[in-house]
Structures are given as structure tokens and as C-alpha cells.
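*Asks:* next comes the sequence, and after it the predicted model I'd like to discuss.
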Amino acid sequence: MEIRNSIPVPHTEGEEHLSIDVEFQRIMKELFQKVDTKNMIVGWYSTSYTENSQSLHDFYAKNIPNPIHMLVDPTLKGGSLNVKTLVSQSMQLGSHSVGPLFREVPFEWKMLDAGKIALTMMMQERAEKENEEEEDEEMQSVKPWETLQVTMARLHSNLCKSHNYVTKILNGEVKEDKNIGRSLSSVISQIPMVSPATFDKVFNDSLQDMLMVIYLSKLTKSQLALNEKLHNTFTPSFLA
């Protein structure tokens, strides 16, 4: 059996009702069969398992022998498209049937090159988005001066590595790499030629400006919180 396409059938779910647009499914099925008479519905798919999943499965089981339920996770968690294929099987307890049970069955992926490229790009975008969200959370949890401290420590470490690399080349310990040399030259050319005293003054002034902005933002938040408390405290007495 090969599953090559799907039909997004409109339906509504509730705690006590389930409605499926049967007419839409019938029309789409006829259109697919006009393209290829071998096309037929072999099951249904969903992106989550709900309390109505068994009812949906029973609906398709009325006209399809042993229908397949394909469970698809579109969130691309873990950098992959997680898919499971399930079939419903009656669960027996001795000689008594205690209800149906979904059982996973193996399947094999076969994708065209265009599909592989599209899926790879989707997973890459998802991974980049997750990394950005993690970085944003880290930045929000870290205080501004701690971020500055980490940045300066990283800069110092990179400068030490660059200095050690250049020293080893001058001593003949390692072979020079022209690409690295060009990159270092490009970085050094962008550094303004200022005296240490001038650099310290500019750096300290910028730091003071940043601390002032942080102080003012916290002061504004405190004033807003105080204003809200005062409003909530006195408004009822005025209305009375």
C-alpha cells in the first residue's frame, strides 16, 4: 500500500458531538479518481490524539476495511517530522472484549527530491527559531551588566587566542593561513586608533548611559505600579 496524497476534510469536534463534512470528502474523492481510478481512501490523518479519535476511526471503518490512522506532528520538534501509522485492534481480556486499542505498524518513507528539500528547509527554520527563542530567554534572565561582563570576557578570550596564534606563526611553530591573516587584518583595521585614556573615558561614559537607562526604566515601572495600587485603593471610595 502506498499513501501519496491527503484530503483535509472539514470537521468540528466537541465534548458531546462530532461533525464531518461527508459531501466535501465525496467530491474530493471523485476528483482524485478522475486523475487516477486507482486512487482510494485508505484511512485518515490527524495532528493529535483526542477523545474523538476512536469515533473518527470508526466512521472510516464503516466503508474501509482496517483503515490506517496516520498521526503527524507538524511542530518538527527535535529537527524531524515525527509520524506514526496506527491501526485499531480489539483488545481482549480473556473471552471478553474490553474495547479497541490503537497499535503502531511499521512504514517506510519515500520522498521526491523536491519534498526532501522543502522538509529540510522547514526543519532548518524551526531549529533557527528555537535557538533564537532560547537566546532571548537567556538574555531576559541575565542582568545587563552580567551580559556585558560575559561579552568582555569572550572578547578577552578571543584576543588571547589571536595573540597566541600570531606569536606561534612568528616563532615558526605553525604554518600561516592567509585566510585567517586577512580576517585578522580586516578586524584590526576597523579598530579606532585611540589612546587607552580616551578609550576608558568613552567606555565609562557609555556604561554610565546604559546604567542610567536601566535606572530610569525601573523607576518608571515602579511609578506605574504605585499609580495602579493607588487607583485600585481610592477608586471604590470615590464611587461610593
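*Replies:* Done, it's in. Numbering: from 1, shown residues only.
*Asks:* any low-confidence regions in this structure?
*Replies:* Per-residue confidence for the chain (pLDDT under 70) gives these ranges: 78, 92-99, 133-148, 230-240.
*Asks:* now do the helices in it.
*Replies:* Assigned by DSSP state H, the chain shows helices spanning 22-35, 53-61, 113-141, 144-170, 178-189, 196-239.
*Asks:* export these to a markdown table and tack on mean neighbour count and distance to residue 73?
*Replies:* C-beta coordinates here come from the backbone N, C-alpha and C atoms, glycine included. Converted to a markdown table, these look like this (neighbours: other C-beta atoms under 10 Å; distance: least, C-beta to C-beta, whole Å):
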| stretch | mean neighbour count | distance to residue 73 |
| --- | --- | --- |
| helix 22-35 | 12 | 24 |
| helix 53-61 | 17 | 15 |
| helix 113-141 | 11 | 12 |
| helix 144-170 | 11 | 35 |
| helix 178-189 | 10 | 42 |
| helix 196-239 | 10 | 40 |
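*Asks:* chain center to stretch 206-220: distance?
*Replies:* Distance, stretch centre to chain centre, for stretch 206-220: 33 Å (C-alpha atoms, centre = their mean, to the nearest Å).
*Asks:* wait, residue 44 touches residue 60, no?
*Replies:* Yes. Counting by C-beta atoms under 8 Å, residue 60 is a contact partner of residue 44 at 5.3 Å.
*Asks:* mind listing the shared neighbours of those two?
*Replies:* Here residue 44 and residue 60 have residue 67 as joint contacts, going by C-beta atoms under 8 Å, 6 or more residues apart in numbering.
*Asks:* longest single strand anywhere in the protein?
*Replies:* Secondary structure of the chain per DSSP state E: the longest strand is strand 82-93.
*Asks:* how about residues contacting it?
*Replies:* For strand 82-93, contacts defined as C-beta under 8 Å, 6+ apart pick out 54, 57, 61, 66-73, 97-107.
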